[in-house]
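1. what follows is a predicted structure for the sequence shown.
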There are 2 protein chains.
Amino acid sequence: MARRQKSSVASGDLDARKATILHAVVTEHVDTAQPVGSSAVAAATDLEVSPATVRAEMVALEREGYLAQPHTSAGRVPTDKGYRYFVDHLERGAVGVAQQHQVRDFFAHVRGEMEDVLEQTSRLLSQITSHTSVVVGAGHSRASILSAQLVNLDAHHHLLVTVFSDGTVTKHSVMDPSGASAADVAEASRQLNALLIGTTLSSRIQVPSRADDVARLVREATSALHEAAPTIEGEQVYIGGSSRVAESFDGVETVRAVLSILEQELVVVSLIEDILDADVSVAIGSEHGLEPLSACAVIVAPVTLEGEVVGALGLLGPTRMRYREVMATAQAVSDELTRHFGGEPGA
Amino acid sequence: MARRQKSSVASGDLDARKATILHAVVTEHVDTAQPVGSSAVAAATDLEVSPATVRAEMVALEREGYLAQPHTSAGRVPTDKGYRYFVDHLERGAVGVAQQHQVRDFFAHVRGEMEDVLEQTSRLLSQITSHTSVVVGAGHSRASILSAQLVNLDAHHHLLVTVFSDGTVTKHSVMDPSGASAADVAEASRQLNALLIGTTLSSRIQVPSRADDVARLVREATSALHEAAPTIEGEQVYIGGSSRVAESFDGVETVRAVLSILEQELVVVSLIEDILDADVSVAIGSEHGLEPLSACAVIVAPVTLEGEVVGALGLLGPTRMRYREVMATAQAVSDELTRHFGGEPGA
DNA sequence: CTTGGCACTCACTAGACTTGAGTGCCAACG
DNA sequence: CGTTGGCACTCAAGTCTAGTGAGTGCCAAG
C-alpha cells in the first residue's frame, strides 16, 4: 500500500542487483553517517560479488541520480532520490515489541480531553522515535454549535461560552460598558442559545436590531464569536521533542532554520497537510518544497474518525533516518489513535 | 530598585576605577564575544590610564573572581560574578524608541482572550530581544466557579463546561454508558450549576448519593472536574523564539540541553517563579541552579493585576547578553501587560 | 560480464613553524 | 607610591608540509 506514493520519475525500477546495492548504501549510511565504499557494500550484501563490480554499479547509480559522492575519493551517499527509491521499495516492517508495548500502554492509560491526548501523543512519538514530532488536530469548520451561554464576569464584562458538536469549547469576552442588569444578561444568554444552536461558524445569523441592552449584548456576542471564527477553525498543533532537532543536525545554522520553521505553526500545518495522503507517506529532502528543511525527511500518518481524516501526525528528522522503524511507529500510533477516538468519540 | 537583588557576597563594592574597568570588559565582551585585553579597555574608558595600569587592576579583579582568563595569553572575560556586579550596578536604561513604539503598537492593537494575548506577547518579546521568551500565566487556584453546565454530545458522552471567575473555561468529558435521557441530562446540568457555583477547585462538594441517572451524572461530572484539578490549576506557559537558542550558543550540545529544558514546562515555570521577585530581576549562569542552563541568563518581570502577581515573563539568553536593553524591554512589556489587563479585567 | 591489479585522488591528521595578541614583571619616573 | 614604558614570555590560532589511507576509475585478463 505504502508503495510508491509520489513515485518521482518514470525512471522506473532498478534491476535487482542495483536495488540491493542501493539498499545497502542507505542502511549502511544511516548507521554510520559516513559515505559508503564499494567494499563495505560488497561485504554487507549477499551478492557474492567483488568490490569492483559494485563500483561499476555504483557509477551507474550515481549517473542515474540515486547516489552522490561528497568528493572524488570518498564513498557514496544516497541522494534524496535514492532515499525515495529506498522508501518506496521498503517492505512494511513491524514496530519493535518494546515500542509496541509502550504505545499500547500509553493508549491504555491515557485519559483526558482530545487536546491533552494529542499533546501527550506528540511527546510519546518523539520519545519513541528520537525525532521531533508534530500532531495536528483538524479544524472543525463543519462542527455545529450545541450550546451557547453568556456568563457574567463582572459589571462590564461577560463571557460567551460556546460548545461545538465535536466537543470543542470556545470563549469570547464581551465588553459591556453600560453594564446591563443581571436579568438582561440572562435573557441575552437565552436568546443567544436559541439563536446559535445548530448553526456553524460559517452560518449567517439573524441578529436582533433593537436598541435595548439585551439586543446589544446579543449583537456584541455573536460578532465576537464570528470575528474569532478563523482562529477557532484553525487546527491545533502540538510539537514534541524540538530539542531532538539539535541532535539530528550538526550545523547550528540548520538547527536554527528548522526550529524557526517549527515555530510557524501555519507553515507546519500546511506542510503536513500537503504531504498527507490516504496512508503513511513520506516527504524527503526537497520534495516538500520548504527549502530550509531540505536536509529533513517528514513522515506523516493520518488520524481518522469514522472514515474521515480529523488530524495527522508527523515525524521530522534528518533524511538520514531509520525510515522502516519510524514509519512503522507512525503507522502504529496513528492506528491506535484512530482506534482510541473511534471507541470514544467526542472525547 | 533593581539593585542588588541576590547581591551575592559581602565582597561589597569595587572602587570606581575597578568598576569602570569591569563595566568596560563586560560591554566590550558582549559586543565582540571575544576576550577583552587591557589595551582595549584602556581605549574604551575615559580613565586616561595606560594598559599596564589596567592590567594591574585586572589581576586584582581576577583574584576577586569578577574576571577570568580563558588561557594565559588571552584577554579577560567576565565571570558570572562579574556579570552580577555589572547588572546590580546598571543604571536603569530606557528602552529604545523603536522598540517602545513596537510595544505600544502591539498592545494598542492586540485583541482577544488573555491566553491569546500572552502567547502573542511571548512572540513579541522574542522578536524584540532576539532571545527566547517565556510568558507564564498564573494558575487560578483561588478562582471560584461562576457557571457549570452539562452539555449533551451524543448518546453516551456529555461535556461539563465550567466557567471560573477569572475568565477561564474548562471542559471535561463525562461518559454515560447507560445513556441518560435528555431531560435527565438537563436536570443534572441544573443541579451541577447549583452545586458548583461559588465553589473553588479545592472546595469539598456534597454530591448526591442516590442511584438514579441524574445523581450518577452529577457524581461523574464533579469527579471528572476534581480529578483534573491539578492540571487546571497549573500555569499556562507560552514559549516564543526557541530557535533563538540556536543563535545564542555555538555548541550543539548546549543548544540541545537548553531546548530540552524548555520542553519541560514544569521546570520552566518553577525556574521563573524561583527567580521572580517584586521587580525585574535576573539570574545569571549558575545562580538559578539549573546546571544545563549555566551558560544562560534569565531575566524575569512580574505581571500584576490589582497589585497581585498573576503571571510573569522571562527572557532567556546567553550570559553574554545586552542586559540593559533586555531588562528595559522586559520592564516595558511587563508594565504594558499589567496596564492592559488592569484596564480590561477578566479579558 | 566479472575480476584482480594498479595508479590516482583527496580529505584528513599530525607535526613544525610562525604569528601576534596579550600577559606578568620590573625598573624608572613624577 | 601609584603609574608607566619596556621587555621577555606564553599560548591559541593559522599556515605549511608531508604522510596516510580509504576509495575511486580504468584496464586487461579470465
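-> In hand now; what should we look at? Everything quoted here is computed from the prediction, not taken from an experiment. Numbers count the residues shown, from 1 in each chain, chains lettered A, B, ... in the order given.
2. quick one, strands of the stretch 101-250 of chain A?
-> A:132-137, A:145-154, A:157-164, A:169-175, A:236-240 (DSSP state E, counting those that start in this stretch).
3. now the first one: mean pLDDT?
-> Yep, that's strand A:132-137 we're talking about. Mean pLDDT, strand A:132-137: 96.
4. indicate each strand paired with it and its parallel or antiparallel sense.
-> strand A:236-240 (antiparallel), strand A:308-318 (antiparallel) (DSSP bridges).
5. which of the strands of the stretch 101-250 of chain A sits closest to B:A246?
-> strand A:132-137 (13.5 Å; CB to CB). Glycine gets a C-beta too; all of them are placed from N, C-alpha and C.
6. mind listing residues that contact the closest one?
-> A:114-115, A:118-119, A:121-123, A:125-126, A:235-242, A:244-245, A:248, A:262, A:268-269, A:272-273, A:310-317 (CB atoms under 8 Å, 6 or more residues apart in numbering or on different chains).
7. pull out the buried members of those residues.
-> Neighbour-count burial (16 or more other CB atoms under 10 Å in any protein chain shown) applied to the contacts of strand A:132-137 gives A:114, A:118-119, A:121-123, A:125-126, A:235-242, A:244-245, A:248, A:262, A:268-269, A:272, A:310-317.
8. is chain B contacted by stretch A:102-113?
-> Yes - contact between stretch A:102-113 and chain B, assessed by CB under 8 Å from any CB of the partner chain, occurs at A:112-113.
9. and that stretch, what's its mean pLDDT?
-> For stretch A:102-113, mean pLDDT rounds to 92.
10. and for the closest residue to DNA strand D within the stretch 101-250 of chain A, the neighbour number?
-> Residue nearest to DNA strand D within the stretch 101-250 of chain A: A:D250 (18.7 Å; CB to the nearest atom of the strand). Residues near A:D250, counting by other CB atoms under 10 Å in any protein chain shown, number 11.
11. same question for A:V135.
-> 28.
12. okay, and the beta partners of it?
-> Note on A:V135: beta-bridge partners A:Y238, A:L313, judged by DSSP bridges.
13. any low-confidence regions in the stretch 1-150 of chain A?
-> A:1-12 (pLDDT under 70).
14. next to DNA strand C in this structure, residues from it, please.
-> Taking CB under 7 Å from any atom of the strand as the measure of proximity, the stretch 1-150 of chain A contacts DNA strand C at A:48-50, A:52-53, A:56, A:70-74.
15. does the closest residue to DNA strand C within the stretch 51-200 of chain A lie in a helix or a strand, and which?
-> Proximity of the stretch 51-200 of chain A to DNA strand C (CB to the nearest atom of the strand) peaks at A:S73, 2.7 Å away. Assigned by DSSP states H and E, A:S73 falls within no helix or strand.
16. count the residues that sit near it.
-> Neighbours around A:S73, by other CB under 10 Å: 8.
17. for it, what are phi and psi?
-> phi -100, psi 30 (degrees, to the nearest 10).
18. returning to what we had before: okay if I get the strands of the stretch 101-250 of chain A as JSON lines plus distance to B:V163?
-> Below are the strands of the stretch 101-250 of chain A laid out as JSON lines (distance: least, CB to CB, whole Å):
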{"stretch": "strand A:132-137", "distance to B:V163": "23"}
{"stretch": "strand A:145-154", "distance to B:V163": "5"}
{"stretch": "strand A:157-164", "distance to B:V163": "6"}
{"stretch": "strand A:169-175", "distance to B:V163": "8"}
{"stretch": "strand A:236-240", "distance to B:V163": "21"}
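19. nearest to A:V326, of the ones you listed?
-> strand A:132-137 (10.0 Å).
20. export that closest one as PDB, just CAs?
-> Output in PDB follows, covering the C-alpha atoms of strand A:132-137 (Å, rounded to 0.1, in the frame of the first residue of the first chain):
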ATOM      1  CA  THR A 132      10.700  15.800  16.500                       C
ATOM      2  CA  SER A 133       7.000  15.100  16.300                       C
ATOM      3  CA  VAL A 134       4.000  17.100  15.100                       C
ATOM      4  CA  VAL A 135       0.500  16.300  15.900                       C
ATOM      5  CA  VAL A 136      -2.200  18.200  14.100                       C
ATOM      6  CA  GLY A 137      -5.800  18.200  15.300                       C
END
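21. find me the pLDDT at A:G343, would you?
-> 60.
22. so what's A:E273 up against?
-> Here A:E273 is in contact with A:136, A:312 (CB under 8 Å, 6+ apart).
23. secondary structure class for it?
-> Three-state call for A:E273 (DSSP: H, G, I helix; E, B strand; the rest coil): helix.
24. what about the closest residue to DNA strand C within the stretch 101-250 of chain A, distance to A:E263?
-> Proximity to DNA strand C, evaluated over the stretch 101-250 of chain A using CB to the nearest atom of the strand, is greatest for A:D250 at 12.1 Å. According to CB to CB, to the nearest Å, A:D250 and A:E263 sit 21 Å apart.
25. helices of the stretch 201-347 of chain A, start to end?
-> Applying DSSP state H, counting those that start in this stretch to the stretch 201-347 of chain A gives helices spanning A:213-227, A:229-233, A:244-248, A:252-263, A:265-275, A:323-342.
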